[in-house]
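>>> Below are the sequence and a predicted model; questions follow.
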Amino acid sequence: MRHILSRTLAALAATVVVSLLLPVAPAAAHGQLATSTPLTGTVVREPLTQLGLYFTEKPASNAHFTVTAPDGSRVDNGWSFGEPKRLDKPVQEYFMVNGVFEPRLYHTGFPAMVTVAHWPAKGRYTASYLSVASDGEAVRGNVTFDYQGRDTPAPAGWVVPTAGPDATLLAQAEGEGSASPGATGGPADATGAPASDPAGATEEQRGGGFPAWLVPALIVVVVSAIVLVAARRRPAAREGATANRRPVGRAGKTTNAGKVANTACKPGNRAGGRARGGRR
């Protein structure tokens, strides 16, 4: 019973190892955040007038951005499109094509420049975003950073914003709108670079993908093979153990011939000689 349990545990461990080594099916969403200024998790020591959020696609014109101060109040004051720039590190995203995930590299970032009205205190700030990519998928997330610069006052007449995303954006983000938001630009935006980008700024790599069902199928095959091999080796081990056994009680018995041979080899009983006499 212990052997069966140990083999079962070994099979499960092998399954875990195989599942970790195999590539996981990637998500098909694109238009995601590529980088930001400042980067998430960094420390800002000077008051910035704008935050830059760079996406692999031009964000929707009705995208929603907020900047929250440490006390939870909003300090954002609108946003605008910025100039696209080449990314320091390309971003790889995946597309489902004929049931297969295909990777594409994006080298251009399309920014949304979010204005910060003022910096009321030191501490943790959060920039949140919500948009919709050209494939209809929601693009949402946040960038957090630590501000350690000087406090700045709010501009004259400034009112804390309270508006949330508009109904059209929310409907699109929840999958109730059209597949294309219509505000993300033309087809060039969906491929990762505008029409004016130089050669090399568009997608440069399209590798062969793999079916999404391949991972669980391979895991099932590997586990089945391990169990089958374990089941076959157990009877073989029993047969080998039986074959190596010997009758108990016969091994080590001394025959009369052995006794004679041993006697003949004893010192003082030389063949053809006479026995030594006792002491005189």
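Thanks, I have it.
>>> Return the distance of residue 121 relative to residue 47.
12 Å (Cβ to Cβ, to the nearest Å). For every residue, glycine as well, the C-beta is placed using N, CA and C.
>>> make that residue 66, sorry
Using Cβ to Cβ, we find residue 66 at a distance of 18 Å from residue 47.
>>> before we move on, the earlier item: mutual contacts of residue 121 and residue 47, please.
The overlap between the contact sets of residue 121 and residue 47 (Cβ atoms under 8 Å, 6 or more residues apart in numbering) is empty.
>>> Of residue 66 and residue 47, give the one with the bigger neighbour count.
Neighbours per residue (other Cβ atoms under 10 Å) separate residue 66 from residue 47, with residue 66 holding more: 19 against 13.
>>> Other residues contacting the strand or helix carrying that one?
Using DSSP states H and E, the element containing residue 66 is strand 64-68. Identification of contacts with strand 64-68 by Cβ under 8 Å, 6+ apart yields 51, 53, 74-76, 79, 112, 114, 116, 125-131, 161, 164-166, 169.
>>> Take those residues and keep only those in helices.
Here DSSP state H is the test, and the contacts of strand 64-68 give residue 169 as lying in helices.
>>> Give me the nearest residue to residue 128, chain neighbours excluded.
Closest residue to residue 128 apart from its sequence neighbours, by Cβ to Cβ, 6 or more residues apart in numbering: residue 142 at 4.3 Å.
>>> looking at this, that neighbour is in a strand?
Yes - assessed with DSSP: H, G, I helix; E, B strand; the rest coil, residue 142 lies in a strand.
>>> From residue 219, how far out is it?
35 Å.
>>> Specify the strand with the largest residue count in the chain.
strand 100-116 (DSSP state E).
>>> Compute the inter-axis angle for that strand and strand 64-68.
Going by axes from the mean of the first three to the mean of the last three Cα atoms, to 10 degrees, strand 100-116 is angled at 60 degrees with respect to strand 64-68.
>>> Quick one, grab the pLDDT at the residue nearest to residue 128.
Residue 142 is assigned a pLDDT of 97 by the prediction.
>>> Run a quick neighbour tally on it.
Neighbours of residue 142 under the rule other Cβ under 10 Å: 16.
>>> Residue 44 versus that one, what's the distance?
15 Å.
>>> Quick one: find the helix or strand in this structure with the lowest mean pLDDT.
helix 187-190 (a mean of 35; mean pLDDT, DSSP states H and E).
>>> rewinding a little: I'd like the list of the contacts of strand 64-68 that fall within strands, please.
Filtering those for strands - DSSP E - leaves 51, 53, 76, 79, 112, 114, 116, 125-131.
>>> out of those residues, who has the most neighbours?
The most crowded member of those, judged by other Cβ under 10 Å, is residue 131 (31 neighbours).
>>> so that residue makes contact with residue 31?
Yes - counting by Cβ atoms under 8 Å, residue 131 does reach residue 31; the two are 7.2 Å apart.
>>> Need the overlap of contacts for these two.
55, 59, 139.
>>> Pull the contacting residues for the first one.
Residues in contact with residue 55, defined by Cβ under 8 Å, 6+ apart, are 31, 32, 33, 34, 109, 110, 111, 112, 131, 139.
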